[in-house]
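Asks: give the three-dimensional model of this entry:
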Amino acid sequence: MSIGYLLNDVTLLFRKHFDRRATRFNLTRAQWRALKCLHMRQGIRQSELAEFLEMEAIAVGRVIDRLQAAGFVERRADPNDRRCWRLYPTERANAVAEDMEEIAHGLREDATRDIDMADLQHMIDVLTRIKENLQALDGGAEADAAILPSSAQNR
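Replies: This is a model prediction of the structure:
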């Protein structure tokens, strides 16, 4: 099995088991991710949230609409820009965030059971290097595009 498929399978399994454990909160994964981001970055604009979540602004808007209707998010006018809203988690969201962190912690413990801490740290180090290598490819592609003649870029 290739490393890409293995990483994808592990990610899917983490998501599946997290979703199972979190069903009592009636939050979708997208809603949970938005709440987690807001918990850590209170007062960000909706466009900034979309960037952090790597989602389209319209989709994030729908997620925030649902979270606001459920009492998890509060929109406040931006004092510097009347066109923007600042997003804040409510007390209800903060209480759920703590519970969700406990679920995530328990899942990580279950997933890494019987794995030596040194092995886990080595895996994290290797995955971090792989991530850095792949991110460097992004920078290389942009640099390549900048130096190629426009006729070559359009091929």
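
Asks: tell me the SS of residue 87?
Replies: strand (DSSP: H, G, I helix; E, B strand; the rest coil).

Asks: for this structure, which segments count as helices?
Replies: Along the chain, counting by DSSP state H, helices occupy 3-21, 29-40, 46-53, 57-69, 91-111, 117-147, 150-153.

Asks: closest one to residue 80 among these?
Replies: helix 46-53 (13.7 Å; Cβ to Cβ). Heads up, the C-betas are built off the backbone N, CA and C, glycines and all.

Asks: could you pull out the buried residues of that closest one?
Replies: Using 16 or more other Cβ atoms under 10 Å as the test for burial, helix 46-53 gives 46, 48, 49, 50, 52, 53.

Asks: which residues sit in contact with the most centrally placed residue in the chain?
Replies: For the chain, the residue nearest the mean C-alpha position is residue 53 (4.9 Å; Cα atoms, centre = their mean). Applying Cβ atoms under 8 Å, 6 or more residues apart in numbering to residue 53 gives the contacts 30, 33, 34, 37, 60.

Asks: in a markdown table: the buried residues of helix 46-53, plus pLDDT and distance to residue 74.
Replies: Listed next are these as a markdown table, based on pLDDT from 0 to 100; distance: Cβ to Cβ, whole Å:
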| residue | pLDDT | distance to residue 74 |
| --- | --- | --- |
| 46 | 91 | 13 |
| 48 | 94 | 16 |
| 49 | 95 | 14 |
| 50 | 94 | 18 |
| 52 | 92 | 18 |
| 53 | 92 | 18 |
